[in-house]
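> I would like the atomic coordinates for the input below:
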Amino acid sequence: MAVEEPITASIVPTPAEEGAAVSDTSADDTAEVLDDLKTVVSHMAPGRRKKFLAGQRLQTRYLEWELTFNPRLLRKYSPGEVLLVDFGWNVGAEFGGRHWAVVVEQNDRAAATVMVVPLSSLKPGQTAADVHRRDAYVGVIEGLNPNKAVAKVPQMRAVSKIRIVKPRTVEDGPANKITPDQLAIITSKIKELFI
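Residues are numbered from 1 along each chain as shown. Predicted coordinates for the structure are as follows:
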């Protein structure tokens with residue numbers, strides 16, 4: 001197993017660096033930032049590096065799509081619908097990667113974002129008793145797959161509709177949907193944790 005080498009630069013930006021991050025950047029500034037990124041990436045373990053670079057390629061496509069993105073061309077989403085979402089490359093314990101997620105808001109078609117709760121699966125041999133107290137066990141979601149699902153409620157977030165892999169349009173067919181009882185379990189956990 002490859003071990004990541006420590007990076008000697010401070011991860012806390014100085015006040016001058018914070019100001020530079022929001023100011024206009026010159027070609028030299030861009031080159032410096034890209035050189036810093038190359039250094040960080042070169043110190044990553046190979047598997048992590050591969051995932052990070054794939055995520056950056058996708059992020060580049062998102063930046064291009066954002067210029068012409070029109071959410072009105074996508075479908076309207078309703079609470080309980082299950083979407084495949086690319087949560088992207090995130091830091092620390094933030095949820096990332098491509099996962100199924102449950103819509104938890106009545107979403108306007110013109111809205112550029114939708115509020116979702118990511119889903120995960122129990123590992124073989126795990127039961128509802130193994131689910132973290134902040135998550136919500138919802139069981140099997142009919143029509144999705146045979147795995148027992150867990151809603152990662154603490155990771156609830158608004159995602160850009162650009163990140164939705166499927167279903168995107170009405171031509172993609174209907175979205176899978178959790179049952180009203182499963183949605184009630186998730187909603188109850190949201191209230192418990194956030195209200």
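> Following the chain onward from the helix-or-strand element of the chain with minimal mean pLDDT, which element is next?
For the chain, using mean pLDDT, DSSP states H and E, the weakest element among its helices and strands is helix 15-22, scoring a mean of 57. Going down the chain from helix 15-22, the next helix or strand is helix 27-42, by DSSP states H and E.
> Tell me which residue is most central in the protein.
Phe87 (2.0 Å; C-alpha atoms, centre = their mean).
> In this structure that one contacts Pro118, no?
Yes. Under the criterion of C-beta atoms under 8 Å, Phe87 makes contact with Pro118 at 6.6 Å. (C-beta placed from N, C-alpha, C; glycine too.)
> what sits in contact with each of those two?
95, 99, 101 (C-beta atoms under 8 Å, 6 or more residues apart in numbering).
> mind listing which of these are in strands?
Within those, residues falling in strands by DSSP state E are 99, 101.
> what's the neighbour count on Pro118?
Neighbours of Pro118 under the rule other C-beta atoms under 10 Å: 22.
> Now it: which helix or strand?
Pro118 is part of strand 113-121 when elements are defined by DSSP H and E.
> just checking, what packs against the helix or strand just after that strand?
Remark: after strand 113-121, the chain's next helix or strand is strand 136-140, criterion DSSP H and E. Packing partners of strand 136-140 (3 or more C-beta pairs under 8 Å, 6 or more residues apart in numbering; DSSP states H and E): strand 148-151, helix 180-194.
> Using TSV, lay out the ones you listed together with mean neighbour count, distance to Lys50 and mean pLDDT.
Listed next are the helices and strands packed on strand 136-140 as TSV, based on neighbours: other C-beta atoms under 10 Å; distance: least, C-beta to C-beta, whole Å; pLDDT from 0 to 100:
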stretch	mean neighbour count	distance to Lys50	mean pLDDT
strand 148-151	22	27	97
helix 180-194	15	33	97
